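Student: Provide a 3D model corresponding to the input given below.
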Amino acid sequence: MHLLKWLYPGMKFKRWLLLFSAGVMLVSLGLALIFNYKYLDYIEEAIFRAVYLWKGSYNYMFSTLIGIAVVILGAVLMLVATRFVIRSVITVLLPDNSERLVDIIYEKRRLGKGPSVTVVGGGHGLSVLLRGIKSATSNVTAVVTVADDGGSSGRLREELGIIPPGDLRNCLVALADTEPLMEKLFQYRFRGESELAGHSFGNLFIAAMNEVTGDVEQALKESSKVLAVKGQVLPASKDHVRLDAIMEDGTVVEGESNIPEVHKRIHRVRLFPEHVQPVQSALDALTSADAIILGPGSLYTSIMPNLLVDGVAEALRKSKAVKIYICNVMTQPGETDGYTASMHAKAIIEHGGKGVIDYMLVNSTPISSDLQAFYAKKGAYPVEVDEEAINALGVGFVKADILNETDVIRHDPDKLSRSVMQMVYRLQPSALKGFDVKNH
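Tutor: A predicted model of the protein is given here:
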């Protein structure tokens, strides 16, 4: 009975179905004439009489030629009917992109064959990488920190008792394949003096979806459908945690947002409570990945909190994936003052254990003197790439142009993803299985 719905009035389907049926009948008739099917002798006789009366003679090969012509005509009718059936469906499902159907299908098929990449981190740096990497593969998972306690995320965390949605929202938007207006909507931040002031619509949407579904992981899945996300976004944990920092002078700073404010050198960071339950889907993504990318992002407040969740660092160490850390281009005041590239890697190894990273990706592009002077006023300086010290840690490194230098210093999404994927293909040959590198 469900199939009969295609015959409802107004479907604009029946006429093309009849035309297709006529084409099938003509093709069948033509083939029968070509192969001189015995039950069509009367048709042969009719053709003979018509031609004889017209020309006065008859060549029995003439019926074969007629059969071929009938087959061609039937095939044309079938193709025309098929084209209009598909067009009738596409104009309803994709009214704005019907002409791009082939491109859309090709892109989805190509990206679906891409390597499985799991990205670990948080903050704006992570979303920059995701924005570029979604053009290389749709098999991408973002494992995101849940230690943020500032801004809109911090307020929702305190008022609603949910994990902070800010970094999760940024990752969803970065992986989204949706209209620019929808992206602007999710990133829109309310102004004014009301209780909504400072909140972004995306944060409120995730918070509402969490209330509706009763689970933040399910809320993210449903939000991903709204934004047509390529891949998936997962929190490292669903537990409510606080990030603390133990400074080199022995003092303890509580809260992620407070750590950079004290301007003391960090010895290590820890979570409170100490043992935090991981999200199983995040562990599965780390285990099954072809490549695991850490960063870019704040070393102690975006990357480290993920490694401190129970089971995450262990899954990283045991994973057979190639593990790449994207080093920051500039030092971060109050967090990595005076840090070289090797010091970034050493801190990660000290928190996650040996084997948590295999390679580093570092910037090779010189930074203009004007921008260096501008950032120096804020206490930020280019990260020195101390090659020998990096190798002494047992970590390899690759230098590449990954910078987008305009009026600020940022990683360039396309350059960054291109360099990362080149490392993945070169260092993890299994990631190339079934993937067309020529079209990448």
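Student: helices or strands up against the helix or strand where Leu283 lies?
Tutor: Leu283 is part of helix 280-288 when elements are defined by DSSP states H and E. Here helix 280-288 touches strand 117-121, strand 140-144, strand 232-235, helix 312-318, going by 3 or more CB pairs under 8 Å, 6 or more residues apart in numbering; DSSP states H and E. Every residue, glycine included, has its C-beta placed from N, CA and C.
Student: Repeat the analysis, applying 10 Å as the threshold.
Tutor: strand 117-121, strand 140-144, helix 216-227, strand 232-235, helix 312-318 (3 or more CB pairs under 10 Å, 6 or more residues apart in numbering; DSSP states H and E).
Student: can you redo those as TSV with mean neighbour count, distance to His263 and mean pLDDT?
Tutor: Shown next, in TSV, are the helices and strands packed on helix 280-288 (neighbours: other CB atoms under 10 Å; distance: least, CB to CB, whole Å; pLDDT from 0 to 100):
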stretch	mean neighbour count	distance to His263	mean pLDDT
strand 117-121	30	23	96
strand 140-144	29	27	96
helix 216-227	18	34	92
strand 232-235	25	30	96
helix 312-318	19	28	96
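Student: Take the ones you listed and write them to TSV, including distance to Val80.
Tutor: Below are these laid out as TSV (distance: least, CB to CB, whole Å):
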stretch	distance to Val80
strand 117-121	44
strand 140-144	41
helix 216-227	36
strand 232-235	41
helix 312-318	55
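Student: right, and Gly338 touches Ala380 too?
Tutor: No - judged on CB atoms under 10 Å, Gly338 makes no contact with Ala380 at a distance of 11.1 Å.
Student: Next, the angle from the helix holding Leu283 to strand 140-144.
Tutor: Orientation check (axes from the mean of the first three to the mean of the last three CA atoms, to 10 degrees): helix 280-288 against strand 140-144 gives 130 degrees.
Student: Skip ahead from helix 280-288 and say which helix or strand is next.
Tutor: Following helix 280-288 in sequence order, the next helix or strand is strand 291-294 (DSSP H and E).
Student: follow-up on the earlier one: mind checking the helices and strands packed on helix 280-288 for the one nearest to Glu158?
Tutor: helix 216-227 (15.9 Å; CB to CB).
Student: Just the CA atoms of the host helix or strand of Glu159, as CSV, please.
Tutor: Assigned by DSSP H and E, Glu159 belongs to helix 151-160. Output of helix 151-160 as CSV, limited to C-alpha atoms (Å, rounded to 0.1, in the frame of the first residue of the first chain):
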residue,chain,number,x,y,z
GLY,A,151,31.7,33.4,29.7
SER,A,152,28.3,32.0,28.5
SER,A,153,29.5,28.4,28.9
GLY,A,154,30.4,29.0,32.6
ARG,A,155,27.0,30.7,33.3
LEU,A,156,25.0,27.8,31.7
ARG,A,157,27.2,25.4,33.6
GLU,A,158,26.4,27.0,36.9
GLU,A,159,22.7,27.8,36.3
LEU,A,160,21.6,24.6,34.4
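Student: List the buried residues of it.
Tutor: 151-157 (16 or more other CB atoms under 10 Å).
Student: Now do the contacts for Gly297.
Tutor: Shown in contact with Gly297 (CB atoms under 10 Å, 6 or more residues apart in numbering): 120-129, 145, 167, 303-304, 326, 328, 332, 411.
Student: mind checking the backbone torsions on it?
Tutor: As for Gly297, its main-chain torsions (degrees, to the nearest 10) stand at phi 160, psi 180.
Student: Could you tell me whether Ser28 really is in a strand?
Tutor: No - counting by DSSP: H, G, I helix; E, B strand; the rest coil, Ser28 is not part of a strand but helix.
Student: Relative to Glu158, how far out is the spatially closest residue to it that is not a sequence neighbour?
Tutor: Nearest residue to Ser28, sequence neighbours excluded (CB to CB, 6 or more residues apart in numbering): Gly74, at 7.7 Å. With distances taken as CB to CB, to the nearest Å, Gly74 is found 71 Å from Glu158.
Student: and what of Met182?
Tutor: 28 Å.
Student: Great, nothing more from me.
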